[in-house]
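In: next input, structure requested:
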Amino acid sequence: MSPASAGLVARSRTATEIAAEVRAGRGSARAAVETALDRIAAVEPHLNAFTVVLAEQARTAADAIDALPPEDRGPLAGVPIAVKAEADVAGVVTTFGGRSNSTPAAADSEVVRRLRAAGAVIVGVTTMPEFGQFPFTESVAYGATRNPWLPERSTGGSSGGSAAAVASGCVPVAIGGDGGGSIRIPSSCCGLVGLKPARGRVSQAPHAALWGTLGTAGPLTGTVADAALVYDVINGVTPVDRWSAPPPQRSYVAAAADHRPRRIAWSTRPALGPVRVDPEVMAAVERTAAQLAAAGHEVVPVEGRWPDVQAAFVPQFFAAIRECAGLVEHPERLELRTRHTARLGVWARGPVLRKAVELGEAARRSFQDRFEGYDAVLSPIMACLPPTLGQLDGAGSVRALLRSLPMIAFTTLANTTGLPAISVPAGESAGGLPIGVQLSGLVDDEGPLLGIAGSLGK
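Out: Modelled structure (predicted):
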């Protein structure tokens, strides 16, 4: 089934366009929301991108925005947005991709609160694997999410429902979470822009942290401009948050429009020995390097493998799943695989966990030293093309982790170091599957990454 015959790949109007029209009174929030709801109804039976669609709540919110004076409608006026199932939405059960919670959230998470305050309309909650523990959006509770490009392929994960919602044209923006690549991997699988923020840039409240030092939240969008627009709204933390990044020196919209020449290194060799990079992925990185050079950047190939951070990542991963399993109301309803992962992580505590965090900080310094003088590093996101569905069928925790290696070989560095990274579309494979490439930052500033990505015309 091709994308054209399936009718599943589409792009909505951008968030930038919708907000500008609603603020100017040339369009209405209600019309934008109705378009989104119509599209969700058309494609959702084929994709399984949403666990909850908030149709009536969204209509009410849109009407309230339209009743405001145009100048008070906000920078995201009337923009339909979907959020991942790990973010609290008032009145909705926060499922984390499973069935172990049953009480609706009393209040919005800080990110959702900021979106609403900026005029955005939350239209639904998107699918994810339980606790986002694997880069495949498949779960016992909600089944598999299908890729709009080729429905027998995976959206990746864990923000796969968010990616499918944007790639199919249901919404121009969806919020995801990233603890090991979970924004960037689905963005690559679905041909989107996916921004993983620096640690402490985006609030995790009401939690002090999710996934320890690894986790953060950010947008999946169709364009760099939309990513910057949303980022200007959601950046910033609260006293609840464990970490805080230095505030940006200017707006991210301005940063995305800054296409000054940058110095960029590029590499395609993974750290993990068993992982082999697909030739079409390598070609996409090389093609992007050439495009960046044509855009005026200095682009330099570098020798050696991608830094290996698994000693820092793996203990924190197991500790994160163990901690998440302790947050739910009904732990007996957790998936068998999740319970297995939590039991396997019993060792990841105390001195072991502190050492893993120290190794992550050492990896940050090493990465910065190795690429001193560069503004970004270009690499693959995944070593493979989007895999077929069913990657978790019959797999326990260990086998699922092994199947994840080609997906995460280049992504976990940004999580363990706390540095920002962005997924940028880089064309298609011979079989019509999207391929993304990664730009990794060297400092706690997402601006240069947005500017570089913007210079590619994305």
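
In: tell me, how many residues neighbour the closest residue to residue 52 other than its chain neighbours?
Out: Distance criterion C-beta to C-beta, 6 or more residues apart in numbering; nearest residue to residue 52, sequence neighbours excluded, is residue 125 at 4.2 Å. C-beta: built from backbone N, CA, C; applies to glycine. Using other C-beta atoms under 10 Å, residue 125 has 25 neighbouring residues.

In: repeat that for residue 263.
Out: If you count neighbours by other C-beta under 10 Å, residue 263 ends up with 13.

In: state the phi and psi torsions of it.
Out: Torsion angles at residue 263 (phi, psi; degrees, to the nearest 10) stand at phi -100, psi 120.

In: wait, it touches residue 372, no?
Out: No: counting by C-beta atoms under 8 Å, residue 263 does not reach residue 372; the two are 10.5 Å apart.

In: how long is stretch 144-157 from one end to the other?
Out: 11 Å (C-alpha to C-alpha, to the nearest Å).

In: quick one: list the elements packing against the one helix or strand residue 341 maps to.
Out: Taking DSSP states H and E as the criterion, residue 341 maps to helix 336-344. If you count contacts as 3 or more C-beta pairs under 8 Å, 6 or more residues apart in numbering; DSSP states H and E, helix 336-344 packs onto helix 310-325, helix 397-408.

In: pLDDT on that helix, on average?
Out: Taken as a whole, helix 336-344 has a mean pLDDT of 94.

In: on that earlier part again, helix/strand/coil for the residue nearest to residue 52?
Out: Secondary structure state of residue 125, per DSSP: H, G, I helix; E, B strand; the rest coil, is strand.

In: what bridges to it?
Out: residue 52, residue 83 (DSSP bridges).

In: ok, now how distant is it from residue 94?
Out: Residue 125 is 9 Å from residue 94, where distance means C-beta to C-beta, to the nearest Å.

In: which neighbours do those two have in common?
Out: Common neighbours of residue 125 and residue 94, counting by C-beta atoms under 8 Å, 6 or more residues apart in numbering, are 85, 87.

In: about what we covered before: so the residue nearest to residue 52 touches residue 91, yeah?
Out: No: assessed by C-beta under 8 Å, residue 125 is found out of contact with residue 91, at 11.0 Å.

In: circling back: give the next helix or strand downstream of the helix holding residue 341.
Out: Moving toward the C-terminus from helix 336-344, the next helix or strand (DSSP H and E) is helix 350-370.

In: mind checking how far that next one is from the chain centre?
Out: How far helix 350-370 lies from its chain's middle: 23 Å, per C-alpha atoms, centre = their mean, to the nearest Å.

In: likewise stretch 226-233?
Out: Taking C-alpha atoms, centre = their mean, one finds stretch 226-233 lying 14 Å from the centre of the chain it belongs to.

In: now stretch 276-295
Out: The gap between the average C-alpha position of stretch 276-295 and the chain average comes to 22 Å, counting by C-alpha atoms, centre = their mean.

In: neighbouring contacts of that stretch?
Out: Residues outside stretch 276-295 that contact it (C-beta under 8 Å, 6+ apart): 259, 264, 266, 268-270, 299, 301, 378-380, 382-385, 406, 424, 426-427, 429-430, 435-437, 452, 455-456.

In: the same query, at a cut-off of 7 Å, please.
Out: 264, 266, 268, 270, 299, 378-380, 382-385, 426-427, 429-430, 435, 437, 455-456 (C-beta atoms under 7 Å, 6 or more residues apart in numbering).

In: which parts of it are buried?
Out: Buried residues in stretch 276-295, counted by 16 or more other C-beta atoms under 10 Å: 277, 278, 280, 281, 284, 285, 286, 288, 289, 291, 292, 295.

In: can you check stretch 43-60 too?
Out: 43-44, 46-55, 57-59.

In: contact partners for residue 43?
Out: Per C-beta under 7 Å, 6+ apart, neighbours of residue 43: 8, 168, 170.

In: same thing but 8 Å
Out: Taking C-beta under 8 Å, 6+ apart as the test, what residue 43 contacts is 7, 8, 49, 148, 168, 169, 170.

In: now swap in residue 25 and tell me
Out: Contacts for residue 25 (C-beta under 8 Å, 6+ apart) come out as residue 70.

In: pLDDT score for it?
Out: At residue 25, the pLDDT value in this model is 95.

In: ok, it to residue 78 distance?
Out: The value you get for residue 25 to residue 78, if C-beta to C-beta is used, is 11 Å.

In: next one: residue 397
Out: Residue 397 is 43 Å from residue 78, by C-beta to C-beta.

In: how about the buried residues of stretch 276-295 in TSV, adding secondary structure and distance to residue 216?
Out: Shown next, in TSV, are these (DSSP: H, G, I helix; E, B strand; the rest coil; distance: C-beta to C-beta, whole Å):
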residue	secondary structure	distance to residue 216
277	coil	26
278	coil	27
280	helix	29
281	helix	25
284	helix	25
285	helix	24
286	helix	29
288	helix	24
289	helix	27
291	helix	28
292	helix	26
295	coil	28
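
In: quick check: the farthest pair among those?
Out: 278 and 295 (25.2 Å; C-beta to C-beta).

In: show me the strands in the stretch 1-150 of the chain, by range?
Out: For the stretch 1-150 of the chain, applying DSSP state E, counting those that start in this stretch gives strands covering 50-53, 80-84, 121-126, 138-139, 143-144.
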